[in-house]
Structures are given as structure tokens and as C-alpha cells.
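In: fold the following and give me the result.
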Amino acid sequence: MGHPEPALAAWTALVLTWLLFFASHSLLAAEGVKRALLARWPALGRWYRILYNLLALALLAPAVFLTHRLDGVMLWRWEGAWSWLADGLALAAVAGFLWTLRDYDGKELLGLRQLREGRSVLEEGALVIGPLHRCVRHPWYFLGLVILWTRDMDAALLTAAVLVTGYLVVGARLEEGRLLRRHGEAYRRYRERVPFLLPLPGRCLSASEAAALERIARERLHREGHAAGAG
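Out: Predicted coordinates:
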């Protein structure tokens, strides 16, 4: 017979490691927390993004390890044509990731640019609406969910998939609140036109519409910078 106590402890550890990752990731990304930490340690500003990424990796590793370490019951396995379809969608999602990399400043995401320029993490960049962003507001979340839900699913992976999906929905909403405060009217219009996590027919912005919203956002940042300088 099995040992229910060790099994329960393992599953509890799985859930708690994922929740710890989610909580720390969201908490340290919150603008109020950033300002509080930088008020206490101003020199942390240029290092914040790098340390944030390193901590995220350190907390993600045990969650991923436990997900693959647990011998969960196999719930479903893609077979035959369905397997080809699932793998094809996953490969397309990976290709989408690689394609959208050009819409991001890699050094900015890693924190290298802030470190080199001595720039605080609070000094965010302009609004950028790339080709895939014109059809879905959070393309990386969408692509990540495609990869996640096209895998053969055992009980451990399903537990992780449900937790990750819930977190991405909540985290995306929190992120949008920050973007709305940062970019104002431009992001409000963008949010009204473009779907949240799932691309929908007829809901894509044209290149000219995206460029117009980017221009509005840049003008807002310019006005705020000018006002701050004048103050």
C-alpha cells in the first residue's frame, strides 16, 4: 500500500511552490513595492530588474522540478492525428515567441540596459504594439498557454497548468492596471479594441492604428517628463 502522508506532503509542496512563485513575482512587480524598496535602498534601482529575474528563476525551478518529479496519474495523451496537431500548435507557439522577440528590448527585459545606463526600474519605456500585439493584448501569455495545454497531461502537470492559467489571467489584469496608469488614453483605447488573451476574428488593429496609439502614448510620456523637469 502507498503512504498517503508523504503523497499529500508532495502535492502540498507542489501547490505551495507554485503559489510562492506567483506571489513573489506579482508582489515585487507592483509599483508600490518597488517605490518602497527604492526609497529604502535607492542604489537598488538600476539592479532591480536583474535581481527580480534571478529571484524568479530561483523560485520557478523547484516548482517545475516538483511538477515533473511527481508520478501523477496520466489523464490524457494526444495520439495519432491529435498528437500531430498538438505538437504543430506547440511549434507554432514557439515560432510566435521567436517572432515577437523583435518587439521587445531584450536588454531592457533582462535589466542590462538599466544597469548600464544607471536608470531606475521605475523609468519604463514607451508603449510598443507589435504585429501580434495588434491581435491579442498578451501574446506571450497566449503562446505559453498554447504550449502548456497541448502537452500530454498527468495529474501533476494538470495541477500546474490550472494554477499557471489562473495566475496569468490575474497577473495580466494587474499588469494592465499598471499600463493604464502609465500610458493613459492610448492604452485604454488599445484595451477596448484588442482581445485579452485569445485572438478573435475582426478584432486586430491595423498597423496605422497601432502607430497612432504609440504616438499618443509617446506624447503623454513627453508631457509628463517635461512637467517633471519643470517642477
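
In: any figure for the gap between L75 and L59?
Out: The span separating L75 from L59 equals 26 Å under the rule CB to CB, to the nearest Å. Every residue, glycine included, has its C-beta placed from N, CA and C.

In: any idea which element L55 lies in?
Out: helix 48-69 (DSSP states H and E).

In: list the buried residues of that helix.
Out: Neighbour counts over helix 48-69 (16 or more other CB atoms under 10 Å) mark Y48, R49, Y52, L59, L60, P62, A63, L66, T67 as buried.

In: again, but for stretch 152-159
Out: In stretch 152-159, counting by 16+ other CB under 10 Å, buried: M153, D154, A156, L157, L158, T159.

In: ok, residues contacting it?
Out: With contact meaning CB atoms under 8 Å, 6 or more residues apart in numbering, stretch 152-159 is reached by 11, 14-15, 66-68, 70-78, 151, 161.

In: how about 7 Å then?
Out: L14, V15, T67, L70, G72, V73, M74, L75, W76, R77, W78, R151 (CB atoms under 7 Å, 6 or more residues apart in numbering).

In: again with stretch 93-101
Out: Taking CB under 7 Å, 6+ apart as the rule, stretch 93-101 contacts G130, L132, P139, W140, L143, V146, I147.

In: are any of the residues you listed buried, and which?
Out: Applying 16+ other CB under 10 Å to these flags L132, P139, W140, L143, V146, I147 as buried.

In: residue contacts, the fifth one?
Out: What that stands for is V146. Taking CB under 7 Å, 6+ apart as the test, what V146 contacts is L89, A90, A93.

In: ranges for the helices of the chain?
Out: With helices called from DSSP state H, the chain shows them at 4-29, 31-40, 48-69, 81-100, 106-110, 112-117, 139-149, 155-183, 185-193, 207-230.

In: which stretch among the ones you listed comes nearest A126?
Out: Evaluated over those, closeness to A126 peaks at helix 207-230, with 5.3 Å, by CB to CB.

In: what about the closest one, average pLDDT?
Out: Averaging pLDDT along helix 207-230 yields 81.

In: distance of the nearest residue to V164 once chain neighbours are set aside from L38?
Out: With CB to CB, 6 or more residues apart in numbering as the criterion, V164 has its nearest non-adjacent residue at 6.4 Å, and that residue is L148. As judged by CB to CB, L148 and L38 stand 34 Å apart.

In: in space, what's closest to R220 - neighbours in sequence excluded?
Out: Per CB to CB, 6+ apart, closest to R220 is G184, 5.3 Å.

In: on that earlier part again, quick one: which of the buried residues of helix 48-69 is nearest to G166?
Out: Distances from G166 to the buried residues of helix 48-69, taken by CB to CB, are shortest for A63, at 14.1 Å.

In: just give the nearest non-adjacent residue to the closest one, would you?
Out: T17 (4.1 Å).

In: and the pLDDT at the one you found?
Out: So, for T17, pLDDT stands at 97.

In: can you tell me how far it is from R182?
Out: T17 is 31 Å from R182, by CB to CB.

In: kindly provide the distance from the spatially most central residue of the chain to A43.
Out: Against the mean C-alpha coordinate of the chain, by CA atoms, centre = their mean, the closest residue is Y141 at 5.9 Å. Note on Y141: its distance to A43, by CB to CB, is 32 Å.

In: now do G96
Out: Counting by CB to CB - G96 and A43 are separated by 38 Å.

In: more neighbours: which of these two?
Out: Neighbours per residue (other CB atoms under 10 Å) separate G96 from A43, with G96 holding more: 17 against 8.

In: ok, the residue nearest to Y48 when sequence neighbours are not counted - contacts?
Out: Once flanking residues are discounted, Y48 sits nearest to V121: 3.9 Å by CB to CB, 6+ apart. Shown in contact with V121 (CB under 7 Å, 6+ apart): K34, G45, Y48, R49, Q114.

In: sweet, I'm off.
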